[in-house]
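*Asks:* What follows is a predicted protein model with its sequence.
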Amino acid sequence: MKITHIKHRKPGVVIVELAAALTLLALLIGLTTTAVNRYARVRDRYTWRQAAMLAAEAQLKRHGQGATLDSVPPAGTVDTKISLTSAAIPGTGQWERFDLVTVTATVSFKYDKPIQEKASCFLPKGAVK
């Protein structure tokens, strides 16, 4: 049986390898964190966009049932970040017996640009006051 001697590495090489591995690990953690944060922000904005659209459509249905343009939804049904505005313009041509009612839902954020969603439909003249 032949005995071979293993040459030992210099201590500086191990430290350099460890520093390179830690640098790569830190880079991967940084990139992953950024991607997860971006995804969460996009998901939150999409959720608020859906909430705004649902609020605008619900307000439009309320107008179709006779609610006035300046009426507010019942308390607790719409989040406080969402504001609703309604407008009606008279229809023209074949739509002259109707009003085009548009509800705009705006979601306001403290540190981001607002989201706006609109819902419109024609309602018979006089249905909306």
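*Replies:* Looks like it arrived, so ask away.

*Asks:* ok, the spatially most central residue of the chain to Ala51 distance?
*Replies:* With distances taken as CA atoms, centre = their mean, Arg45 lies nearest the centre of the chain, 1.1 Å away. Going from Arg45 to Ala51 by CB to CB, to the nearest Å gives 11 Å. Heads up, the C-betas are built off the backbone N, CA and C, glycines and all.

*Asks:* quick one on the thing from earlier: OK, contacts around the residue nearest to the centre of the chain?
*Replies:* Asp112, Ile115 (CB atoms under 8 Å, 6 or more residues apart in numbering).

*Asks:* Give me the neighbour count for the residue nearest to Pro124 when sequence neighbours are not counted.
*Replies:* Closest residue to Pro124 apart from its sequence neighbours, by CB to CB, 6 or more residues apart in numbering: Phe98 at 5.9 Å. Applying other CB atoms under 10 Å, we find 17 residues neighbouring Phe98.

*Asks:* Wait, Phe98 touches Phe122, no?
*Replies:* Yes - with contact defined as CB atoms under 8 Å, Phe98 reaches Phe122; the gap is 4.0 Å.

*Asks:* So for the two, which residues contact both of them?
*Replies:* Joint contacts of Phe98 and Phe122 (CB under 8 Å, 6+ apart) are Gly91.

*Asks:* Grab the nearest non-local neighbour of Ala58.
*Replies:* Pro73 (6.9 Å).

*Asks:* The closest residue to Gln116 other than its chain neighbours is in what secondary structure piece?
*Replies:* Among residues not flanking Gln116 along the chain, Thr106 sits closest, at 5.1 Å (CB to CB, 6+ apart). Thr106 is part of strand 98-107, with elements assigned from DSSP states H and E.

*Asks:* What confidence value was assigned to Ala67?
*Replies:* Ala67 is assigned a pLDDT of 87 by the prediction.

*Asks:* so who does it touch?
*Replies:* Gln59, Val128.

*Asks:* on that earlier part again, ok, the residue nearest to Gln116 - how many residues close by?
*Replies:* Thr106 has 17 nearby residues by other CB under 10 Å.

*Asks:* what does stretch 114-125 rub up against?
*Replies:* Residues contacting stretch 114-125 (CB under 8 Å, 6+ apart): 45, 48-49, 52-53, 56-57, 59-60, 63-64, 88, 90-91, 95, 97-109.
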